[in-house]
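J.: Predicted model and sequence follow; I will ask about them next.
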Amino acid sequence: MIIIACADREWGIGRGGDLLFNIPEDMEFFKTATRGKTVVMGRKTFDSLRIKPLPGRRNIVLTRSESFSFEGIETVHSLDELFSLLENTPQNDVFVIGGSNVYRQLLKYCDTALITKVSAYGKADSFIVNFDKLSGWKKESASELKNRNGTEYQFVKYVRQ
């Protein structure tokens, strides 16, 4: 499984149910990486998509809500259900896309993290683990520093050792 996220300098990923930054190159990176793959998300992350599945992907929502149902979405209520559903799916075709609770639950099953690191402070209320300080993980590669309207960012790949 692969984690994919955009995080600010304090590893914040969202505020009030929305992303912290609107960086078109990050959105394009996300689309390219996940197109044709399976994306796993929590219900709040699904809600942030404005109540529609991501096109061209298999969408799975992990939620405690037994009543959650939506056309074009596969719903699971536990990790056991999720892994049963993913039984015949190659692990490198599964992207964990948020939110913070789902990242936390699935971190131990992931071996790669693709993080768009933004050098700004986003006043986040939702966070992901700091991969720079996470034992057993190392930075494998990083793009050159990019700038979008004064916001500096780079694409960083972390791998489990």
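T.: Right, received. Where do you want to start? Numbering: from 1, shown residues only.

J.: can I get the CA coordinates of the longest helix seen in the chain in CSV?
T.: Ranked by number of residues, the top helix in the chain under DSSP state H is helix 24-34. C-alpha atoms of helix 24-34 as CSV (Å, rounded to 0.1, in the frame of the first residue of the first chain):
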residue,chain,number,x,y,z
PRO,A,24,-2.4,22.3,-9.5
GLU,A,25,0.9,20.4,-9.9
ASP,A,26,0.1,18.4,-6.7
MET,A,27,-3.4,17.6,-8.0
GLU,A,28,-1.9,16.5,-11.3
PHE,A,29,0.7,14.3,-9.5
PHE,A,30,-2.2,12.8,-7.4
LYS,A,31,-4.3,12.1,-10.5
THR,A,32,-1.4,10.5,-12.4
ALA,A,33,-0.3,8.3,-9.5
THR,A,34,-3.7,7.0,-8.6
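
J.: let's have the chain start at 4 instead
T.: Sure, I'll start counting at 4 from here, so that last one is helix 27-37.

J.: Any idea how far whichever helix or strand comes after it is from the middle of the chain?
T.: Downstream of helix 27-37, the next assigned helix or strand under DSSP states H and E is strand 41-45. With Cα atoms, centre = their mean, to the nearest Å as the basis, strand 41-45 stands 8 Å off its chain's centre.

J.: So which other helices or strands are in contact with the longest strand seen in the chain?
T.: The strand that spans the most residues within the chain, counting by DSSP state E, is strand 154-163. Judged by 3 or more Cβ pairs under 8 Å, 6 or more residues apart in numbering; DSSP states H and E, the packing partners of strand 154-163 are strand 115-121, strand 140-145, strand 149-151. For the C-beta atoms, the positions are set from N, CA and C on the backbone; glycine is no exception.
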